[in-house]
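Undergrad: Sequence first, then the predicted structure, then my questions.
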Amino acid sequence: MTDLRTPPLNDGDLFSERVRQYAHDRPLRPVHILEAGCGWGRGLDLGDCERRVTGVDMDAPALRAHTADRTDLDEWHLGDLRTVPMPPRAYDVVHASFLIERVPHAELVLDRFVAALKPGGLLLVRLRDRNTAFGFLDRRLPRWLRDPLWRHLARRGRVELLLRPEASPGAMRSAPQAGGPREAVFPAAAASRDGADGTAEGREGRRARRRPGGERAARIGVPPPAVYEKVASRQGMRWYCVMRGLVIAEEYTSRASLDALGAGSGLVGGLCQLVASLSRGRLTAEHSEVTLVIRKPENRFARVI
């Protein structure tokens, strides 16, 4: 069994540190990273580690625009995650942050990630737990109410608390970016980024950039709508790892989404406490995210004891 602990550092640094340790143990060769969910969020801070980063995500205008803005990707592919290119045993690390809860057929997508990992590789997962009060509200809140709320929080800088939990509200810092050329597998993303396609997303982006703080909000964006299949939970991921023979090396919970929404007080906090009470503790209000460092065994016959 794994110990449920509070991470000694923010989740982004935790993942970066584990990958740097992985690279240190395997010198003289680049680390191949699959950035799963590259259309929202940030990449890893790996310093001068030699690496090659491939991004994959679903194909949507907002996700395409964010992916096109990233300079840490050597190549990227957007589409159905059940069919996008993922060669078997090709990657040392799969980094999936805030992806599992927002994709359909999540278990099948996870199977593809595991198949794409080399033996001994790392699967780094961070997700919003469906079995929490926050997860319940996030999947039940209508989109016409959800999206304006996140845009308002982005303009105030509070979404940065979710992407970088150590940041204070309004303190925006650029994510470290790796240099080098990038292969734009989908160059049409530039049109969506500029809003030149005339879609509702493009028009909304232009309006957001004209509002105070809107440029920052447009860069961060609105979290994609969540699906929250059963595997998108702490219990679901534990079950999945046991069934697939994967080892959970570290497991943590955090309140990043709750803090970003100011859930310590006000309407959101009250709603989470109400949901937790009505569920008689089945849906907790103590955390909103789960962070997992998972290792694929070197021996395919290894099992979790």
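TA: Ah, there it is.
Undergrad: ranges for the helices of the stretch 101-250 of the chain?
TA: Taking DSSP state H, counting those that start in this stretch, the helices of the stretch 101-250 of the chain run over residues 106-116, 133-140, 143-155, 159-163, 189-194, 200-210, 214-220, 234-244.
Undergrad: Which of the ones you listed comes out lowest on mean pLDDT?
TA: Lowest mean pLDDT of the helices of the stretch 101-250 of the chain: helix 189-194, a mean of 34.
Undergrad: residues in contact with Asp138?
TA: Arg128, Arg146, Ala226, Tyr228, Ser257 (C-beta atoms under 8 Å, 6 or more residues apart in numbering). (C-beta placed from N, C-alpha, C; glycine too.)
Undergrad: Same question for the lengthiest helix in the chain: list its buried residues.
TA: When the chain is parsed with DSSP state H, its longest helix is helix 11-25. Residues of helix 11-25 classed as buried: Asp11, Gly12, Asp13, Leu14, Phe15, Ser16, Arg18, Val19, Arg20, Tyr22, Ala23 (neighbour count, 16 or more other C-beta atoms under 10 Å).
Undergrad: Just the pLDDT for the third one.
TA: Predicted confidence (pLDDT) at Asp13: the value is 83.
Undergrad: swap in Gly262?
TA: Gly262 is assigned 63 on the pLDDT scale.
Undergrad: what is the mean pLDDT for stretch 53-68?
TA: 92.
Undergrad: quick one on the thing from earlier: any of the contacts of Asp138 buried? List them.
TA: The neighbour count (16+ other C-beta under 10 Å) marks Arg128, Arg146, Ala226, Tyr228, Ser257 as buried among the contacts of Asp138.
Undergrad: Run a quick check on the second one versus Pro224, I expect a contact.
TA: Meaning Arg146. No. Counting by C-beta atoms under 8 Å, Arg146 sits too far from Pro224 to count as a contact (10.7 Å).
Undergrad: re the thing from before, any idea which of the contacts of Asp138 is least confident?
TA: Arg146 (75).
Undergrad: Please convert the buried ones among the contacts of Asp138 to a markdown table, extending it with distance to Asp45.
TA: Compiled in a markdown table, the buried ones among the contacts of Asp138 are given as follows (distance: C-beta to C-beta, whole Å):
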| residue | distance to Asp45 |
| --- | --- |
| Arg128 | 22 |
| Arg146 | 30 |
| Ala226 | 26 |
| Tyr228 | 29 |
| Ser257 | 21 |
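Undergrad: Those residues in strands, which ones?
TA: Arg128 (DSSP state E).
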